[in-house]
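Enquirer: sequence unavailable; structure follows:
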């Protein structure tokens with residue numbers, strides 16, 4: 001019946017996941033071994049292992065003026081922000097929504113005022129001519 005089909009599908013899924021996990025684990029080991037072999041053959045590249053400026057394909061990532069791996073390690077870390085309590089978050093969210101609505105209303109009124117001003121300018125021109 002139906003339960004047997006689901007059990008078979010579940011078993012196949014688990015088998016596929018186990019095979020994928022083993023494949024990825026093997027690929028990671030192969031990459032580590034290849035990297036170790038490269039480091040043995042080219043010891044001058046050892047500094048690149050932890051170099052955040054070199055991406056996985058060997059190209060440079062964004063580098064800022066006068067910044068290298070050592071200066072990056074020495075720079076001051078940005079302090080963590082204090083967490084915002086739920087009540088304060090809800091209050092700020094509500095205030096943001098209120099301000100967005102007010103902004104929408106003001107923009108709408110501005111557009112209406114611009115139309116009214118244009119209409120008055122047109123009437124003024126008619127009166128003067």
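Expert: That came through fine. What you are looking at is a predicted structure, and each value in this text was computed from that prediction instead of being measured.
Enquirer: what's the first helix or strand after the lowest-mean-pLDDT helix or strand in the chain?
Expert: Taking mean pLDDT, DSSP states H and E as the measure, the helix or strand of the chain with the lowest value is helix 69-74, at a mean of 68. The element immediately downstream of helix 69-74 (helix or strand, assigned by DSSP states H and E) is helix 86-128.
Enquirer: burial measure for residue 11, as a count.
Expert: Using other C-beta atoms under 10 Å, residue 11 is surrounded by 10 other residues. C-beta: built from backbone N, CA, C; applies to glycine.
Enquirer: how much space separates it from residue 34?
Expert: Look at residue 11 and residue 34: by C-beta to C-beta, to the nearest Å, they are 35 Å apart.
Enquirer: just give me the neighbour total for residue 35.
Expert: Neighbour tally, residue 35, other C-beta under 10 Å: 13.
Enquirer: what helix or strand does it sit in?
Expert: Using DSSP H and E, residue 35 falls in helix 2-41.
Enquirer: show the average pLDDT along that helix.
Expert: For helix 2-41, mean pLDDT is 87.
Enquirer: elements contacting that helix?
Expert: Using 3 or more C-beta pairs under 8 Å, 6 or more residues apart in numbering; DSSP states H and E as the contact test, no helix or strand touches helix 2-41.
Enquirer: quick one: that helix to chain centroid distance?
Expert: Computed by C-alpha atoms, centre = their mean, to the nearest Å, the chain-centroid distance of helix 2-41 equals 28 Å.
Enquirer: before we move on, what about stretch 112-120?
Expert: 44 Å.
Enquirer: phi, psi of residue 42?
Expert: phi -130, psi 80 (degrees, to the nearest 10).
Enquirer: what about it, neighbour count?
Expert: Counted with other C-beta under 10 Å, residue 42 comes out at 10.
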